[in-house]
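Undergrad: pasting the structure only:
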């Protein structure tokens, strides 16, 4: 059976993804991406009216292909905390270790830190950041929907977890002891525990005092002490 030909929209996304794969700081200009995809600039503008629309679509596709984690976060045979840690570990794995991690951070430095922060450069980096936050919020929302995680500010939670991941990826690029895997596991566990503990404490603060069970009711099942 012959393979289906890619649509114009799919060609554009593939072309832009290839450009980013070659250079993380690549300028996804209309002309450059259209030429790479073999479509007209008018066709590109039809599918993606703004550069932000294009960047968001590209990074969403990349994350959806590389991180097929929806089944993982919704697998209720495992504890919610464990599922969230595994999802975070998948992202961390993309950074690689040793030489691979150093090369990855070298590209980040050359693309986003060394050059002057132009509007185009800032837009490129923010597109990556938005998608990382969106993906992390997706995991948290899935846990809230199933009742495993109390409702709360998932944007703040996602930003905290992404900050932890950024720190761990930098650590992978630096000289480290042989116990790096153990320390990473401890850090991820602590970060996820913070998310659940902060959510539980927030829920406790939001419950009006009059709806809380009095101490005598909470301890009614406990045996009385002998006089």
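TA: Received, thanks. Everything quoted here is computed from the prediction, not taken from an experiment. Residues are numbered from 1 along each chain as shown.
Undergrad: Which helix or strand in the chain has the lowest average pLDDT?
TA: Least confident helix or strand, the chain: helix 215-218 with a mean of 43, by mean pLDDT, DSSP states H and E.
Undergrad: right, and the secondary structure at residue 185 would be what?
TA: What DSSP: H, G, I helix; E, B strand; the rest coil gives for residue 185 is helix.
Undergrad: actually residue 161, not the one I typed
TA: Going by three-state DSSP: residue 161 is helix.
Undergrad: For the nearest residue to it once chain neighbours are set aside, give me its contacts.
TA: In this structure, residue 161 finds its nearest non-sequential neighbour in residue 136, 5.4 Å apart by CB to CB, 6 or more residues apart in numbering. C-beta coordinates here come from the backbone N, C-alpha and C atoms, glycine included. The neighbourhood of residue 136, defined by CB atoms under 8 Å, 6 or more residues apart in numbering, consists of 157, 158, 161, 162.
Undergrad: Show me what the helix or strand hosting residue 197 packs onto, helices and strands only.
TA: Element membership for residue 197 (DSSP states H and E) is helix 180-206. On a contact count with 3 or more CB pairs under 8 Å, 6 or more residues apart in numbering; DSSP states H and E, helix 180-206 meets helix 80-93, helix 154-173.
Undergrad: got the angle between that helix and helix 80-93?
TA: 130 degrees (axes from the mean of the first three to the mean of the last three CA atoms, to 10 degrees).
Undergrad: Return the distance of helix 180-206 from the chain's centre.
TA: 16 Å (CA atoms, centre = their mean, to the nearest Å).
Undergrad: List the buried residues for it?
TA: Neighbour counts over helix 180-206 (16 or more other CB atoms under 10 Å) mark 184, 187, 188, 191, 192, 195, 196, 198, 199 as buried.
Undergrad: what mean pLDDT does it have?
TA: For helix 180-206, mean pLDDT is 81.
Undergrad: Kindly report the same for stretch 100-114.
TA: Stretch 100-114 comes out at a mean pLDDT of 87.
Undergrad: from the chain's centre, how far out does that stretch sit?
TA: That offset, for stretch 100-114, works out to 19 Å (CA atoms, centre = their mean).
Undergrad: tell me which residues in it are buried?
TA: Those buried within stretch 100-114 under the rule 16+ other CB under 10 Å are 101, 104, 105, 108, 111, 112.
Undergrad: next helix or strand past whichever helix or strand the first one is part of?
TA: Under the criterion DSSP H and E, the helix or strand holding residue 101 is helix 99-108. Proceeding N to C from helix 99-108, the next assigned helix or strand is helix 119-145, under DSSP H and E.
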